[in-house]
Structure formats: C-alpha cells, structure tokens
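Colleague: Next input, structure requested:
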Amino acid sequence: MAYCASVSSVLTRYAGSVLLAAGLVTAALGQDYGDVPYVQTPTNIVDTMLNLAKIRADDYVIDLGSGDGRMVITAAKKYGARGFGVELDRRLVRLANASAAKAGVADRAVFYQRDLHETDVSPATVVTLYLLPEVNLMIRAKLLDTLRPGTRVVSHDYDMGRWQPDYQTELEAPGKTVGAVKTSKIFYWMVPGNAAGRWYWKVTQDAKAPAFELILEQTFQRLAGTLTIGGERAQMETVQLEGDRIRLVASSEKGSARARYEFSGKIVNHAIEGKGHVIRGQERHAVSWNAARIESWDPRHFALRGVPPCKEMGVPCGAR
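Modeller: Sure thing, here's the model as predicted:
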C-alpha cells in the first residue's frame, strides 16, 4: 500500500469509510467518495472496543469517521454515555441521527457532517477510530496535544505507528464485509501526561533527609531515566506512566542499610502529588510524595511532529 503524496486532501475524504483490502485502497485514490463503499464495524467489534475503553455513564465519546453511528449510539444506549460522531457523507449522517432517534438516545448521540481534521476533540474522554493507517498518523499529534491525559483512544484494525498501544488484541469478526480473513485487530491507548524532566523531592521534612532526584526521558507513555538518593545512584525497578498517574519503585543499598521505595502520584503541571512507602527490613513507613520538576524538556516523541506519514510507514512519498 504505497500512497502518500496527497493523503491530506484525498484520504480525508474516506474518513467515514474504511477500505481494508489493498486493492480497494489503491483503486479508491482516484475515485470520489460516493463511488467507494464504507465498511461497517461488526457489532461484536463495537462491543469489544467499548468494553476495552471501560465506557461509563459519565464518559463523552467522540467517533472520528462515524459511518452509520453505531459506535456512539451503542455507547449511549448500553452505557448511558454521551458523545458525537463526525462523518463526511451526509447520507450516513442523516442515517446515524435517525438511528439515534429510533434508539431513544438522540439527546446523547449526535452526528455531524464535518471534516475530522477540523473537529475539536478536547471534550472527549474516549475517542474511537476506524480510519486508514495514514489518517491515524495524521491525527496522532492532534490527539496527543488536545486530549487530556487519561483519555482513552481505541482504534479498529490500524495502529498509531511509533505510538505503541497499551494493549492490543485480535478476534473473530464474522460480520466483516471485506478482507479474506474475517478477523479484526483492536488497539488501545491512554493519552499520557508529560513526565519528562528533572524531579526533586524529600520523603520527610527533616533537612538532613536525603534528597531524591529523578531524571526522566519520555517517548509517548514509555519512561526511562535515573534516580539518585542522597547523591547515590539507586536501582529503578519500575517507572510507569498511565495518563497523568506515575508509579515508581526503586531500591538503594548503602553499606548494610538497604531500602526499598514505592511511590504513586499524579502529575499536576510541574508537581507530583501522591503517597509512598519506605521499606527497611520488616519496617514499612507511609510517606507523602511531593515532587517538583526543577528542569523541563520535551518528550522525545515531539520530534515526530511534522514527519510525513509515508516516511514513518516506510513507503515512498509521492507514490500512488
């Protein structure tokens, strides 16, 4: 599938219909939207995507390329959530709104004829996608920059390139109307907060207590770095970022004194607020975790902004 030259102007037109077979995609590039059939998401895939996103009644779901509206309608009817879908084909928009009314959820599920690239996604707590690979890459930076940390993103069949999913699965899709193999892949991400930088804290108010200094590099939700305690290098066993929540487990050994540290907290601007434990032998002490970011830098994935999707996919730019 080598197509990249005019994806911004061409592939956007297919946001509401997903062309899965390579032959269909290639042929579609030279056609108008009305000549290309859209592909419905099988009911079991809709259910699995919403289950994976852990939809709740207080969620706001935005479906980009909403087709006949089944994703947002199901979220509203089954879980009591609210939201909207955007679609370029006015016929599908009319169908989706009529289906929402028939299902009794028109007050919670609305559909608009709108370009997904021009859609404000900031209200979402959940974003669902069934787009083409290039379109996923086109909107990746927008999702990361606009959505609040902790927002869940679920995509049918296509991933987000270098933004590795937090979870993925593949399951039977007997209702799928294209493709020789009737299976579907589902990818799940949680939008990460910004943890990159140099962090400093102490575990007590004692001025003589050792200072903790944590240096973190970040690529999407993946963290790596170093931790020093009182100037001595500590061993980081775990450092995890889930939305704006960060978890750190480390240990240090100085002479015969060995200690293990467990911290869990929330990133709020340039601070981490949370709790932790210090374990020495059989003793376990609860502590507050109040860290300050004393130096900040961009996560490494910021460097991917502006990289053409074709380059990231490894296909010739300009090929059709």
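
Colleague: So, low pLDDT: which residues of the stretch 101-250 of the chain?
Modeller: Residues of the stretch 101-250 of the chain that meet the criterion pLDDT under 70 lie in 205-208.

Colleague: Show me the strands in it, by range?
Modeller: Along the stretch 101-250 of the chain, counting by DSSP state E, counting those that start in this stretch, strands occupy 109-113, 126-129, 152-156, 167-172, 183-190, 197-201, 212-219, 222-229, 232-242, 245-254.

Colleague: Columns distance to Ser264 and mean neighbour count on top of those strands, output as CSV?
Modeller: C-betas here are computed from N, CA, C, even on glycine. Below are the strands of the stretch 101-250 of the chain laid out as CSV (distance: least, C-beta to C-beta, whole Å; neighbours: other C-beta atoms under 10 Å):
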stretch, distance to Ser264, mean neighbour count
strand 109-113, 36, 20
strand 126-129, 24, 26
strand 152-156, 20, 24
strand 167-172, 21, 12
strand 183-190, 16, 20
strand 197-201, 13, 19
strand 212-219, 14, 20
strand 222-229, 14, 17
strand 232-242, 9, 15
strand 245-254, 5, 18
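
Colleague: Of all these, which one comes closest to Glu295?
Modeller: strand 197-201 (3.8 Å; C-beta to C-beta).

Colleague: in the protein, which residue is closest to the centre?
Modeller: Centroid check for the chain by C-alpha atoms, centre = their mean gives Trp189 as the closest residue, at 3.5 Å.

Colleague: That one touches Arg152, doesn't it?
Modeller: Yes - assessed by C-beta atoms under 8 Å, Trp189 is found in contact with Arg152 at 7.3 Å.

Colleague: still on that earlier bit, could you export the strands of the stretch 101-250 of the chain as JSON lines, including distance to Val287?
Modeller: Shown next, in JSON lines, are the strands of the stretch 101-250 of the chain (distance: least, C-beta to C-beta, whole Å):
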{"stretch": "strand 109-113", "distance to Val287": "46"}
{"stretch": "strand 126-129", "distance to Val287": "35"}
{"stretch": "strand 152-156", "distance to Val287": "31"}
{"stretch": "strand 167-172", "distance to Val287": "32"}
{"stretch": "strand 183-190", "distance to Val287": "27"}
{"stretch": "strand 197-201", "distance to Val287": "10"}
{"stretch": "strand 212-219", "distance to Val287": "11"}
{"stretch": "strand 222-229", "distance to Val287": "13"}
{"stretch": "strand 232-242", "distance to Val287": "15"}
{"stretch": "strand 245-254", "distance to Val287": "13"}
